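**Student:** task: produce atomic coordinates for the following.
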Amino acid sequence: MSRYVAAVDQGTTSSRCLIFDTGTGGLVAAAQQEFTQHFPRPGWVEHDAEEIWRGVRAVMREAMAKASADVSDIAALGITNQRETTVVWDRATGEPVHRAIVWQDTRTDALVSELAADGGQDRFREICGLPLATYFAGPKVRWLLDEVPGLAARAEAGELCFGTMDTWLIHKLTGEHVTDVTNASRTMLMNLSTLDWDEKVCDALGVPVAMLPAIRPSSHVYGTAKGEFAGLTVAGALGDQHAALFGQGCYDVGDAKNTYGTGSFLLLNTGTEPVGSQAGLITTVAYQLDGQPARYALEGSIAITGALVQWLRDNLGIISEAAEIEDLARTVEDNGGCYFVPAFSGLYAPHWRSDARGLIAGLTRFAHKGHLARAVLEATAWQTLEVAEAMRQDSGVSLTGLRVDGGMTANDLLMQIQADVLGIPVIRPRIAETTALGAAYAAGLAVDVWSSVDELRDLWAEDRRWLPERDRSADYSQWRKAVEKSKGWLD
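**Tutor:** Prediction:
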């Protein structure tokens, strides 16, 4: 048996390759490379898909070198990716026809409003589980077909391929045009019940089925790599948040995790039947193993959490490194009455208000940068509480504990604030790289490195747990007032 399984974690700001030991599940080697963020207009965010592909190849080479491994040592490669980011490329040449439109991008706001004029924001929710929002990939594809001359006719003729980043990377590695159910469920184009493209929704959005990839399970052999990594089996793909759920061992109904990255994403496993949301959440596919029914989840997507710390660093210069925010926030006992609503791209779950914009409420001359730093951290915790409350309303499940992962979980103060705000234990795993680990697990299951999720459950181990120390319910009402004031900023 090969010694390792590998994962490519293609994120919003960087691409990584991580290699795990098949026996212990432990991390053996990792490599990371950032790539360029393009902001051509306010609210527009783009990536160069070819630059990302070059970076992915580079980190795969580097990680394999660090592990002293070649292709024969790796049983399979899994891919996890930033979701909803949209790539369209020429089927014959493999070259993108435009920069990738990133999930944070809001250029489709007018199109979304136009679509919602006939049936409202929930026009397609019963089919795809999603509200009409700029977040999702389907409207981004439509924008490209409308705005780039000649693309619509070429798409109808089958000359173009659409994909999210998983599809783009699988295509570049193997030549196949496929996606998995989790990524497909984020396009607005997939029927949650049939797990196939829904022609009614595709027609309404004006997206030709001819340009869409085949939909496959999350743990499945998609193909064999060619070129530089010839012979490498590509056998797992999940959107990043679904991969984190899988890597956190959340295989039972009621299990939940929150990933703290550029944004934050709270997912609750709801089992083999989709649970519709009346409280502003997303119904999505959690994962699907080969030959088994899909598992579904409720998700609360928060656009800006870690990105708010970056903003404090890069735009205001209050800190020089992201890690400094914890020490700065510890210089004060509380937020000084300040509440930061980071609606830079509107509000996501559970509000779904693209007309909202960021604000700081409660400022007085007493407030200084320590209070702002604490308000930045608390914004993440408050937004998570809003989503947890919505999940309780939709599913009837009150969280008894929350498994957490992502870069912000290194901030011990934030984790304590989160436990206080939620009133439940917050649990960090021993292996923090749960997103990449989930993709590696899916790939390993597809090639029989592991036989079942029971084996994977045994590999999960706790690192640290935070218990509630303060009741923050009174502060929550102030947060809700600030959120309401952020709405309706744009006409």
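**Student:** what is the lowest-mean-pLDDT helix or strand in the chain packed up against?
**Tutor:** In the chain, no helix or strand scores lower on mean pLDDT, DSSP states H and E than helix 453-459, which sits at a mean of 89. Helix 453-459 sits against helix 434-446, with contacts defined as 3 or more C-beta pairs under 8 Å, 6 or more residues apart in numbering; DSSP states H and E. The way it works is simple: take the backbone N, C-alpha and C, and place the C-beta from them, glycine included.
**Student:** helices or strands next to the helix it packs on in the packing?
**Tutor:** Packing partners of helix 434-446 (3+ C-beta pairs under 8 Å, 6+ apart): strand 4-10, strand 14-21, strand 74-81, strand 219-224, strand 233-239, helix 240-247, strand 256-260, helix 453-459.
**Student:** can I get those in a markdown table with mean neighbour count?
**Tutor:** As requested, the helices and strands packed on helix 434-446 are exported to a markdown table (neighbours: other C-beta atoms under 10 Å):
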| stretch | mean neighbour count |
| --- | --- |
| strand 4-10 | 29 |
| strand 14-21 | 24 |
| strand 74-81 | 30 |
| strand 219-224 | 21 |
| strand 233-239 | 30 |
| helix 240-247 | 31 |
| strand 256-260 | 27 |
| helix 453-459 | 15 |
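**Student:** can you list the ones you listed in JSON lines and add distance to Glu50?
**Tutor:** Listed next are the helices and strands packed on helix 434-446 as JSON lines, based on distance: least, C-beta to C-beta, whole Å:
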{"stretch": "strand 4-10", "distance to Glu50": "13"}
{"stretch": "strand 14-21", "distance to Glu50": "13"}
{"stretch": "strand 74-81", "distance to Glu50": "16"}
{"stretch": "strand 219-224", "distance to Glu50": "20"}
{"stretch": "strand 233-239", "distance to Glu50": "19"}
{"stretch": "helix 240-247", "distance to Glu50": "21"}
{"stretch": "strand 256-260", "distance to Glu50": "27"}
{"stretch": "helix 453-459", "distance to Glu50": "35"}
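**Student:** nearest to Leu195, of those?
**Tutor:** Distances from Leu195 to each of the helices and strands packed on helix 434-446 were compared by C-beta to C-beta, and the smallest falls on strand 219-224, at 12.5 Å.
**Student:** any chance you could list what contacts that closest one?
**Tutor:** With contact meaning C-beta atoms under 8 Å, 6 or more residues apart in numbering, strand 219-224 is reached by 76, 170, 173-176, 178, 180, 216, 230-237, 287-290, 442-443, 445-447.
**Student:** just the buried subset of these, written out for PyMOL, thanks.
**Tutor:** Burial among the contacts of strand 219-224 is assessed by 16 or more other C-beta atoms under 10 Å; the matching PyMOL selection reads:
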select buried, resi 76+170+173+174+178+180+216+232+233+234+235+236+237+287+288+289+442+443+445+446+447
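**Student:** per-stretch mean pLDDT over the helices and strands packed on helix 434-446, give me the minimum one.
**Tutor:** Looking at the helices and strands packed on helix 434-446, the lowest mean pLDDT belongs to helix 453-459 (a mean of 89).
**Student:** what does that helix contact?
**Tutor:** Contact with helix 453-459 is made by 24-25, 249, 251, 289, 441, 445, 450, as judged by C-beta under 8 Å, 6+ apart.
**Student:** looking at those, which two lie furthest apart in space?
**Tutor:** Using C-beta to C-beta, the two most remote members of the contacts of helix 453-459 are Thr24 and Leu289, lying 21.9 Å apart.
**Student:** burial measure for Ser2, as a count.
**Tutor:** Ser2 has 17 neighbours, counted by other C-beta atoms under 10 Å.
**Student:** can you tell me the element it falls in?
**Tutor:** If you go by DSSP states H and E, Ser2 is not part of any helix or strand.
**Student:** how much space separates it from Leu422?
**Tutor:** 41 Å (C-beta to C-beta, to the nearest Å).
**Student:** and for Thr270?
**Tutor:** In terms of C-beta to C-beta, Thr270 sits 19 Å off from Leu422.
**Student:** picking up where we left off before, out of the contacts of helix 453-459, which is most surrounded?
**Tutor:** Each of those was scored for neighbours by other C-beta under 10 Å, and Tyr441 scores highest at 31 neighbours.
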